[in-house]
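Q: just the structure for this:
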Amino acid sequence: MEATWLAILNEKHGVISASALPSGFLRRWTCSRCRHVLPEVPGLSCSHPHTGADGPEAPPPQLPSAAKSLRVTPNTSLSLSGGRVRAPICAPTYRTISTGTMDLGHEPNIELFVKAGHDGQKVGNCPFCQRLFMVLWLKGVKFTVTTVDMKKKPAELKDLAPGTNPPFLLYNGELKTDFIKIEDFLETMLAPPRYPHLSPQNKESFDVGADIFAKFSAYIKNSPNNQYQETALLREFKRLDDYLNTPLPEEIHQNATKNIIVSDRKFLDGNRLTLADCNLLPKLHVIKIASKKFCGFEIPVQFTGVWRYLRNAYERDEFTQTCPADVEIEMTYLNVAGKQK
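A: This next block holds a predicted model:
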């Protein structure tokens, strides 16, 4: 069973209410008192604070455990959180939106399909799905995310993308598969001046983490007799750390009067997130969670560049709010690790 996040934007205050719908279809219900569009969740009443003639203000209702709430403020990205629906103040007009700015114009109709978690609804563990989720979020474009339960793939999706596993994407009704091709397509179609380019300036920013996930996979599969694989994994972390601590040409040029020895940039290619980060960060998060759980391995503290990079990444909603829950990662590798701890 797939779940679709339906977001309702309050244009005046930039706050939305949203929930995970079990059907995967965008169906709208309207409050008879204030005409507020309601998410279709059994037993959920209107989240508007009805005041004056409409009666006293009511607290926002508690969502079922499978539901989520979303919040958008103008000119910023959305964030996901569990628990309650945010109660927007009444405004005359609503639109369906997921992320981006208030000026929608003629934006494309985009729907991203990602792997569902073990409950069949929440976002599951899939670095490639998260990669595209981050790309769309960073682009600031309106889009919908639908989680797909691979154990009970709905007939509608079997007809839409036969033989295709997430991630895949509908762009104005046209099916796009292969996450690398999708990423290239989005970078071409969602281009300046309306949308930012996300390609890194330095090719090395893409290359530096190319082998780290493969080394991790070998490491965890051979646990506990994985000393050789651990050495190989640490070698890749050292390579990444050296790159993150080495000033980029742009940093040296911008600080020509200073003798910069160690970089202080936030991300792989500078102080903005790029496609290189969308590729590497989801993998680093999986490595961090699974290695500690099953192998007792933590990224060594002497890798200061790596830890600076991760700390900066965990401060960004585009990354943290697209991450699967830790338990999803742990369940993925439960039967992969040679020894479970």
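
Q: I'd guessed residue 122 sits against residue 116; true?
A: Yes: between residue 122 and residue 116 a contact is recorded at 6.9 Å, counting by Cβ atoms under 8 Å. Quick note: C-beta positions are derived from backbone N, CA and C, even for glycine.

Q: what about those two, which has more around it?
A: Neighbour totals were compared for residue 122 and residue 116, and residue 116 leads with 26 against 20 (other Cβ atoms under 10 Å).

Q: burial count for the residue nearest to the more buried one when sequence neighbours are not counted?
A: The shortest distance from residue 116 to any residue other than its chain neighbours is 3.9 Å, reached at residue 147 (Cβ to Cβ, 6 or more residues apart in numbering). If you count neighbours by other Cβ under 10 Å, residue 147 ends up with 25.

Q: so residue 147: helix, strand or coil?
A: Classification of residue 147 using DSSP: H, G, I helix; E, B strand; the rest coil returns strand.

Q: measure it to residue 171 for me?
A: Residue 147 sits 19 Å away from residue 171, going by Cβ to Cβ, to the nearest Å.

Q: ok, back up a step: go ahead and confirm the residue nearest to residue 116 touches residue 122.
A: Yes: using Cβ under 8 Å, residue 147 is in contact with residue 122, at 6.8 Å.

Q: for residue 162, the count of nearby residues, please.
A: 7.

Q: could you check how far it is from residue 177?
A: With Cβ to Cβ as the criterion, residue 162 and residue 177 are 11 Å apart.

Q: cool, residue 273 as well?
A: Distance, residue 273 to residue 177, by Cβ to Cβ: 25 Å.

Q: neighbour-wise, which of the two wins?
A: Ranked by neighbour count (other Cβ under 10 Å), residue 273 and residue 177 place residue 273 first, with 25 against 15.

Q: which SS state does the more buried one fall under?
A: At residue 273 the chain is in coil, as set by three-state DSSP.

Q: one more: residue 198?
A: Residue 198 falls in the coil class when you classify it by three-state DSSP.

Q: please name the nearest non-neighbouring residue to it.
A: Of all residues not flanking residue 198 in the chain, residue 275 sits nearest, at 4.8 Å (Cβ to Cβ, 6+ apart).

Q: for that neighbour, what are its contacts?
A: 135, 183, 187, 198-200, 206 (Cβ atoms under 8 Å, 6 or more residues apart in numbering).

Q: where does the chain dip in pLDDT?
A: Filtered on pLDDT under 70, the chain yields the residue ranges 1-105, 156, 256, 338-341.

Q: tell me where it has helices.
A: Counting by DSSP state H, one finds helices in the chain at the ranges 127-139, 155-160, 179-189, 204-207, 212-221, 227-245, 249-254, 275-295, 304-313, 317-320, 326-332.

Q: give me the buried positions along the longest one.
A: Put plainly, it is helix 275-295. Across helix 275-295, burial judged by 16 or more other Cβ atoms under 10 Å covers 275-291, 293-295.
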